[in-house]
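Novice: All I have is the shape, not the residue letters:
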């Protein structure tokens, strides 16, 4: 990145944060937010999903928002603020990546502007739901492959992908795309078997906390994540 592009990054971050946090405070309540906030509060109080209460998603989000609410405040606005921060971080990474790919800070600014003006983004990334956290982690996994090099970049990519799956299960379907991306970057990762091994090592590490529930109560874990959705 050029010096001008680096100097612009704080202003892009400020613009994105202002926009997303403002919308997060003003947007009408979404019907599912109370469910996620209750799950975060229960984790904040020391309870666990699946074993102590019913929760229909993968387990990461209640722990992320519950930890945040423990540090800040146990309020709706506090949780909405975290969603806005996640969305702004995503936009900053997008600006950084597009600027590096094109060599133009103008293209990076345009990408950030298109991102923040997208209706699905501004509506769904500012509420207490799985979207802002899971897509931020997923985009980080993509960046680790396309911007990084070496085994640790691949392990980090696998870890971030696993954490996005820990937030929303269906994102596991993106794994083949990242595997294809590693293959397309063969000059950076010439030893493909080793590259895939490091990627899957990070992926396994990120998914490993789920073993606690799988071993303790596999039926409850399956029903909360898959069974209830199959019935619906």
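Specialist: That came through, no problem. From a predicted model like this one, the values you see are computed outputs, not experimental measurements. Residues are numbered from 1 along each chain as shown.
Novice: In contact with residue 156, which residues?
Specialist: Contact analysis of residue 156 by Cβ atoms under 8 Å, 6 or more residues apart in numbering lists 144, 148, 202. For every residue, glycine as well, the C-beta is placed using N, CA and C.
Novice: Confirm that the first one sits in a helix.
Specialist: Yes. Counting by DSSP: H, G, I helix; E, B strand; the rest coil, residue 144 falls inside a helix.
Novice: what number of residues lie near the residue nearest to it when sequence neighbours are not counted?
Specialist: Distances taken as Cβ to Cβ, 6 or more residues apart in numbering place residue 157 nearest to residue 144, at 3.6 Å, with adjacent residues excluded. Other residues within reach of residue 157, judged by other Cβ atoms under 10 Å, total 26.
Novice: so where does residue 157 fall, helix or strand?
Specialist: In this assignment (DSSP states H and E), residue 157 forms part of helix 151-167.
Novice: Which element is encountered next along the chain beyond that helix?
Specialist: Note on helix 151-167: by DSSP H and E, the next helix or strand toward the C-terminus is helix 175-184.
Novice: average pLDDT across the longest helix along the chain?
Specialist: Secondary structure of the chain per DSSP state H: the longest helix is helix 76-102. The average pLDDT within helix 76-102 is 95.
Novice: Check stretch 130-139 too.
Specialist: Here the average pLDDT along stretch 130-139 is 97.
Novice: What residues sit buried inside it?
Specialist: Judged by neighbour count using 16 or more other Cβ atoms under 10 Å, the buried positions of stretch 130-139 are 130-139.
Novice: do the same with stretch 203-216
Specialist: Under the neighbour-count criterion of 16+ other Cβ under 10 Å, stretch 203-216 has 203, 206-207, 210, 213 buried.
Novice: Low-confidence stretches in the chain?
Specialist: Of all residues in the chain, none has pLDDT under 70.
Novice: neighbours around the closest residue to residue 80 other than its chain neighbours, how many?
Specialist: In this structure, residue 80 finds its nearest non-sequential neighbour in residue 24, 4.1 Å apart by Cβ to Cβ, 6+ apart. Residue 24 has 25 neighbours, counted by other Cβ under 10 Å.
Novice: picking that back up, looking at the buried residues of stretch 130-139, which is nearest residue 17?
Specialist: Checking these against residue 17 by Cβ to Cβ gives residue 132 as the nearest, at 12.8 Å.
Novice: give the contact list for the closest one.
Specialist: Residue 132 sits next to 83-84, 86-87, 90, 124-126 when contact means Cβ under 8 Å, 6+ apart.
Novice: most surrounded residue in the residues you listed?
Specialist: Highest neighbour count within the contacts of residue 132, by other Cβ under 10 Å: residue 87, with 29 neighbours.
Novice: and the residue nearest to that one when sequence neighbours are not counted, what are its phi and psi?
Specialist: Nearest residue to residue 87 in three dimensions, chain neighbours excluded: residue 125, at 3.9 Å (Cβ to Cβ, 6+ apart). Residue 125 has phi and psi values of phi -90, psi 0 when expressed as degrees, to the nearest 10.
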